[in-house]
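S.K.: Sequence and predicted structure below; questions after.
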There are 2 protein chains.
Amino acid sequence: MQECHTSETTQKSIEATIVSGILSARIRPGTRLGENQLATLFGVSRTRVREAMMRLETRGIVHVSPRRGWFVVEPSAEDAIAVYEARRIVEAGLLRSMRVLAEEGRKALDAHLNEERNAMAAGDRQRLTYLMGDFHIRIAELSGNAIIVDILRDLTARTILISMLYQSEFHAAQSHEGHCRIFEAMQAGDFVKAAALSVEHLDEVEMGLDLTARPDPLSDLRNSLSLPPKTASAVPQQPDLKATTSKEQ
Amino acid sequence: MQECHTSETTQKSIEATIVSGILSARIRPGTRLGENQLATLFGVSRTRVREAMMRLETRGIVHVSPRRGWFVVEPSAEDAIAVYEARRIVEAGLLRSMRVLAEEGRKALDAHLNEERNAMAAGDRQRLTYLMGDFHIRIAELSGNAIIVDILRDLTARTILISMLYQSEFHAAQSHEGHCRIFEAMQAGDFVKAAALSVEHLDEVEMGLDLTARPDPLSDLRNSLSLPPKTASAVPQQPDLKATTSKEQ
DNA sequence: GCTTTCTCTCTTGTATGCAAGAGTGCCACA
DNA sequence: TGTGGCACTCTTGCATACAAGAGAGAAAGC
């Protein structure tokens, strides 16, 4: 399954690289992903880059502004609400569907929570962001259901983009506490409680967002002129357009 | 948003056409989707067909066998189990998260159930297949969460493929009854019960499958030789490879 | 008659080329 | 000095050309 003569490997690696860059908060929302830049970066032609972009687009991670370029999505406030709602639905449903926590899974989660503690102690914010999202993916992995894992991975990626846009400060300790509580309930075999805690946890994080903030800095003006709310491709937003891969070109 | 000079329209239409073909059971699992055939069919070049295929691949609806072609997925027994599990998780989570059933939504579901009855009376099996899947998508639409709708649409598409492979006979009446019960619970405002009924309903349907049947006809032999379970791209499976669009070529 | 090998066709994989649109900056002109 | 317009550049959109591999079928050898 994993030999592949660089072809298959390279093919998905563009996609995976970008997703993992987002998951670890190294790529900001709105980052421009030029086909040419990526092509030279990965040593392939634009064709394959485009394929990766198309895939990422259907996963809701990237969008294209015609003849302008590909950009990492900048979820609107409504998008943010929808993403959190979707996560509550899926994660609560997932936890409720669980019946036992296998020893193996217990260990994996325990190890993960330790990593969270370590990252907190080290003050490694980037790693912390990654771990905070990954906790939920780990839970999904326990179920052994690859479909759910994929869904949650993509939702988590979007969550991280959202937090980069709307989260003024990062309450890592609070999140960690939430994760611990969920883990405890799971260990006690009380998955109904774990589900409830999970919903609570997501609510907390969502509440910590300032959804009136950044992504459409013209919203006030727009409102006072009573223009349409916001078309998907609008708002160039000069800053941070070239946050990554800015050295070449 | 919807003017688009045939470009955007055609772009997504390949994708949508295939999905809708599956949702209404007009396209069978394992159907070969030749790039050239689709290209001439839609009057575009292979490039755009490929883009659509890539998208469908990330949605889990199509897969590619290198240098052989694109095929509508033939979910394995394990895939089938995972899809039903995922649906239980998402649908139960969805129903549990609901608080009220708006009058508008009540009407929509009521109308839908009537359509189911009509199709049953008319014995229109294809339409029935479509409606049976669509019921669940309709419920998702009530939530107003586009993410969940998309997830369920894709899962439903796979469900239909599964049923074409493993469902010996179609218990439409039973499914319809299940839908009615769910609707009743929703009308009564008892969404916890609706969620439970939904899980039950999906269990029933899953139980009605014969997961020892078709898709890997060599499984017995394979087991007796203790070979690996089944690699994604194996098993050519001659029959019904060209079920649709077989006239030209 | 059976098996093996070779070739030929058909399919996707990938790169490249050209077209068209968006955006920017300069220049002319008032 | 401010403003309108033009040209230029840079980007994606899309088609096409060519390469490479899979498979089928025929021919040759046993």
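M.R.: Thanks, I have it.
S.K.: does any part of the helix or strand hosting A:Gly178 sit near chain B?
M.R.: Applying DSSP states H and E as the criterion places A:Gly178 in helix A:172-187. No: under the criterion of C-beta under 8 Å from any C-beta of the partner chain, chain B is not reached by helix A:172-187; the shortest gap measures 15.5 Å. Quick note: C-beta positions are derived from backbone N, CA and C, even for glycine.
S.K.: Go ahead and confirm A:Ser143 touches A:Leu94.
M.R.: Yes: between A:Ser143 and A:Leu94 there is a contact at 6.0 Å, judged by C-beta atoms under 8 Å.
S.K.: Quick one: list the elements packing against the helix or strand harbouring A:Glu200.
M.R.: Using DSSP H and E, A:Glu200 sits within helix A:191-207. Applying 3 or more C-beta pairs under 8 Å, 6 or more residues apart in numbering or on different chains; DSSP states H and E, one finds that helix A:191-207 contacts helix A:77-97, helix A:172-187.
S.K.: how does it look with 10 Å?
M.R.: helix A:77-97, helix A:125-143, helix A:146-166, helix A:172-187, helix B:77-97 (3 or more C-beta pairs under 10 Å, 6 or more residues apart in numbering or on different chains; DSSP states H and E).
S.K.: counting contacts, what elements does whichever strand or helix holds A:Met53 pack onto?
M.R.: According to DSSP H and E, A:Met53 maps onto helix A:46-58. If you count contacts as 3+ C-beta pairs under 10 Å, 6+ apart, helix A:46-58 packs onto helix A:7-23, helix A:35-42, strand A:62-65, strand A:69-72, helix A:146-166, helix B:46-58.
S.K.: Single out the most deeply packed of the ones you listed.
M.R.: Greatest average neighbour count among the helices and strands packed on helix A:46-58 goes to helix A:146-166 (a mean of 22), per mean count of other C-beta atoms under 10 Å in any protein chain shown.
S.K.: Now do the same contact list for the closest residue to DNA strand D within chain A.
M.R.: Going by C-beta to the nearest atom of the strand, DNA strand D is nearest to A:Glu35 of chain A, at 3.4 Å. By C-beta atoms under 10 Å, 6 or more residues apart in numbering or on different chains, A:Glu35 lies in contact with A:Ser45, A:Arg46, A:Thr47, A:Arg48, A:Val49, A:Arg50, A:Ala52, A:Met53, A:Val64, A:Gly69, A:Trp70.
S.K.: If we check DNA strand C, which of those residues are in contact?
M.R.: Among the contacts of A:Glu35, proximity to DNA strand C is found for A:Ser45, A:Arg46, A:Thr47, A:Arg48 (C-beta under 7 Å from any atom of the strand).
S.K.: for the residue nearest in space to the middle of chain A, what are its contacts?
M.R.: Nearest to the geometric centre of chain A sits A:Ala157, at 1.4 Å (C-alpha atoms, centre = their mean). Contacts for A:Ala157 (C-beta under 10 Å, 6+ apart) come out as A:18-23, A:27, A:56, A:59-61, A:72-73, A:83, A:133.
S.K.: can you tell me which residues contact A:Thr159?
M.R.: Residues in contact with A:Thr159 (C-beta under 10 Å, 6+ apart) are A:22-23, A:75, A:80, A:83-84, A:86-87, A:132-133, A:136, A:152, A:167, A:202, A:205-206.
S.K.: what do you get if the cut-off is 7 Å, keeping everything else the same?
M.R.: A:Val83, A:Arg87, A:Gly133 (C-beta atoms under 7 Å, 6 or more residues apart in numbering or on different chains).
S.K.: which among those end up buried?
M.R.: A:Val83, A:Arg87, A:Gly133 (16 or more other C-beta atoms under 10 Å in any protein chain shown).
S.K.: quick one on the thing from earlier: list the buried residues of the helix holding A:Gly178.
M.R.: A:Ala172, A:Ser175, A:His176, A:Gly178, A:His179, A:Arg181, A:Ile182, A:Phe183, A:Ala185, A:Met186.
S.K.: Would you reformat those residues as TSV and include pLDDT?
M.R.: Below are the buried residues of helix A:172-187 laid out as TSV (pLDDT from 0 to 100):
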residue	pLDDT
A:Ala172	91
A:Ser175	95
A:His176	97
A:Gly178	97
A:His179	98
A:Arg181	98
A:Ile182	98
A:Phe183	98
A:Ala185	98
A:Met186	98
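S.K.: Show me the shaky parts of chain A.
M.R.: Applying pLDDT under 70 to chain A flags the ranges A:1-11, A:213-249.
S.K.: one more time with 90, if that's ok
M.R.: Scanning chain A for pLDDT under 90 picks out A:1-12, A:125-126, A:168-171, A:210-249.
S.K.: What parts of it come near DNA strand D?
M.R.: Residues of chain A found near DNA strand D, taking C-beta under 7 Å from any atom of the strand as the criterion, are A:33-36, A:46-47, A:50, A:64, A:66-70, A:249.
S.K.: and the two most separated of the residues you listed?
M.R.: A:Pro66 and A:Gln249 (21.2 Å; C-beta to C-beta).
S.K.: care to break chain A down by domain?
M.R.: Domain assignment for chain A, taken from automatic domain parsing, gives A:1-73+A:228-249, A:77-207.
S.K.: which one of these lies closest to B:Ile148?
M.R.: Proximity to B:Ile148, assessed across the domains of chain A by C-beta to C-beta, is greatest for domain A:77-207 (5.5 Å).
S.K.: chain center to that closest one: distance?
M.R.: Centroid separation for domain A:77-207 versus its chain: 11 Å, with C-alpha atoms, centre = their mean, to the nearest Å.
S.K.: Now tabulate the ones next to DNA strand C among the contacts of A:Glu35 in CSV and tack on distance to A:Glu104.
M.R.: CSV is the format used below for those (distance: C-beta to C-beta, whole Å):
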residue, distance to A:Glu104
A:Ser45, 43
A:Arg46, 44
A:Thr47, 42
A:Arg48, 37
